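Enquirer: here is my input; please provide its structure:
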Amino acid sequence: MDLGRIDLNLLVHLDVLLREQNVTKAASHLGITQPAMSNGLKRLRLLFEDPLLVRTSDGMAPTELALKLKPEVRSILFNIEKVIQPDRNFDLKSKRVFRVMASDYAESTLIPAVLSVVREQAPNITLDVLTPSDVSFEDVEQGRVDMAINRFDTLPQSFHQKTLWSDTFSCLMSPMNPLVQGFNLENYLLANHIWVSKTGFGVGVGVDPEDVQRLGWVDEALGKIGKKRNISVFTRHYQVAMLLAQQHDLVATLPSRAAKLKSESSKLVVKDPPFDIPMFELKMAWSPLLQHNAGHQWLRRIISGIAES
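Expert: Here you go, the predicted model:
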């Protein structure tokens with residue numbers, strides 16, 4: 001292949017085409033017309049002597065060569081961006097909007113401190129905090145969302161990620177709950193429980209109480225000792241779970257950092273679980289497209305610093 005024939009813009013087109021797998025969406029992403037993008041795809045096919053994207057009943061699908069090219073092209077463009085983008089500090093007078101996906105666990109335990117520092121250092125910055133249901137992997141991958149902060153079962157290999165902290169679990173209940181005295185495993189299993197969890201991305205679906213493996217850390221831990229709890233309420237919101245735990249016959253088993261937010265409340269009592277539950281990690285994930293962005297680096301430093309303090 002004659003390198004002199006390669007137009008750098010074609011690699012940009014290829015990168016977006018392989019991510020979107022749709023000519024119209026790729027054109028929209030780059031702000032060009034669909035015919036211009038179609039012409040770019042035609043030139044790419046000639047350059048690589050491969051169809052790259054083929055039409056199927058489910059839309060456009062990448063060829064074997066295209067799948068091999070995808071990470072290589074992203075890496076090439078990434079390194080070019082590093083070379084040609086000047087190394088500059090983030091303008092603290094910026095009016096930039098940072099879009100951060102965070103579970104309400106992260107939103108309540110981390111975001112208030114982050115906002116305090118952001119407001120002090122760059123008062124014109126706006127934080128747009130999105131829920132996991134608002135965001136897909138593609139939104140983060142393509143940089144439409146700056147970062148995602150949550151518990152993740154899996155993440156795409158292309159994502160950058162950082163563990164912010166590890167957390168344990170605690171039990172919340174009303175001081176009027178008859179199980180407060182002598183809170184042990186037997187009493188725990190007699191209680192009515194509030195299930196709460198939201199990991200990863202995307203819109204959730206209904207929960208099957210019989211599917212222990214999909215119920216998460218708490219129920220998996222119980223399953224390993226041959227036990228099962230009685231779940232009366234399912235919610236995806238930690239704040240709701242803490243409010244519901246004020247009822248006299250319900251117990252919420254939550255991450256300890258969230259439970260501590262209510263430790264001073266006279267309406268709730270915090271107890272250690274009467275069985276072992278593995279710790280979990282709160283992670284921050286972001287697109288390689290934003291790895292060297294000055295503003296993004298600034299916000300990541302703030303979040304990491306607060307998490308480590």
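Enquirer: now tell me which helix or strand of the chain has the poorest mean pLDDT.
Expert: helix 23-30 (a mean of 79; mean pLDDT, DSSP states H and E).
Enquirer: what about the stretch 1-150 of the chain, any weak spots by pLDDT?
Expert: Counting by pLDDT under 70, the stretch 1-150 of the chain shows low-confidence ranges at 1-6, 29, 31, 81-88.
Enquirer: just checking, what packs against the least confident helix or strand of the chain?
Expert: helix 8-20, helix 34-48 (3 or more Cβ pairs under 8 Å, 6 or more residues apart in numbering; DSSP states H and E). In short, each C-beta sits where N, CA and C put it, glycine included.
Enquirer: what's the closest of these to residue 220?
Expert: Closest approach to residue 220 among the helices and strands packed on helix 23-30 is made by helix 8-20 (34.3 Å; Cβ to Cβ).
Enquirer: which residues touch the closest one?
Expert: By Cβ atoms under 8 Å, 6 or more residues apart in numbering, the residues outside helix 8-20 that reach it are 23, 26, 29-30, 37, 40-41, 43-44, 47, 52-53, 62, 66, 69-70, 73-74, 76-77, 80, 138, 141-142.
Enquirer: check which helix or strand residue 94 maps to.
Expert: Counting by DSSP states H and E, no helix or strand carries residue 94.
Enquirer: contacts only, for it.
Expert: Contacts for residue 94 (Cβ under 8 Å, 6+ apart) come out as 122, 124-125, 295.
Enquirer: residue 249 touches residue 177, doesn't it?
Expert: Yes - here residue 249 reaches residue 177: they are 6.6 Å apart, a contact under Cβ atoms under 8 Å.
Enquirer: among those two, which residue is more densely surrounded?
Expert: residue 177 (23 against 13; other Cβ atoms under 10 Å).
Enquirer: in space, what's closest to the more buried one - neighbours in sequence excluded?
Expert: residue 248 (5.5 Å; Cβ to Cβ, 6 or more residues apart in numbering).
Enquirer: what's the answer for residue 280, then?
Expert: Residue 280 sits nearest to residue 151 (Cβ to Cβ, 6+ apart), 5.5 Å away.
Enquirer: and residue 7, by the same measure?
Expert: residue 43 is the one closest to residue 7 (Cβ to Cβ, 6+ apart), at 7.6 Å.
Enquirer: how far away is residue 133 from residue 218?
Expert: 22 Å (Cβ to Cβ, to the nearest Å).
Enquirer: which of the two has more neighbours?
Expert: residue 218 (22 against 13).
Enquirer: Three-state assignment for the more buried one, please.
Expert: helix (DSSP: H, G, I helix; E, B strand; the rest coil).
Enquirer: now do it against residue 282, distance only.
Expert: Distance of residue 218 to residue 282, computed by Cβ to Cβ: 16 Å.
Enquirer: about what we covered before: quick check, the residue nearest to residue 177 in a strand?
Expert: No - counting by three-state DSSP, residue 248 is not found in a strand; it is coil.
Enquirer: for it, grab phi and psi.
Expert: Dihedral angles of residue 248 (phi, psi; degrees, to the nearest 10) stand at phi -70, psi -10.
Enquirer: might one say that it is in contact with residue 180?
Expert: No - counting by Cβ under 8 Å, no contact exists between residue 248 and residue 180, whose distance comes to 10.0 Å.
Enquirer: what is in contact with those two at once?
Expert: residue 174.
Enquirer: returning to that earlier point: show the buried residues in the contacts of residue 94.
Expert: Buried subset of the contacts of residue 94 (neighbour count, 16 or more other Cβ atoms under 10 Å): 122, 125, 295.
Enquirer: so what's the second one up against?
Expert: Taking Cβ under 8 Å, 6+ apart, we find residue 125 in contact with 94-98, 118-119.
Enquirer: out of those residues, who's the most crowded?
Expert: residue 118 (21 neighbours).
Enquirer: list the buried residues of the helix or strand where it lies.
Expert: Taking DSSP H and E as the definition, residue 118 sits inside helix 111-121. Judged by neighbour count using 16+ other Cβ under 10 Å, the buried positions of helix 111-121 are 111, 114, 118.
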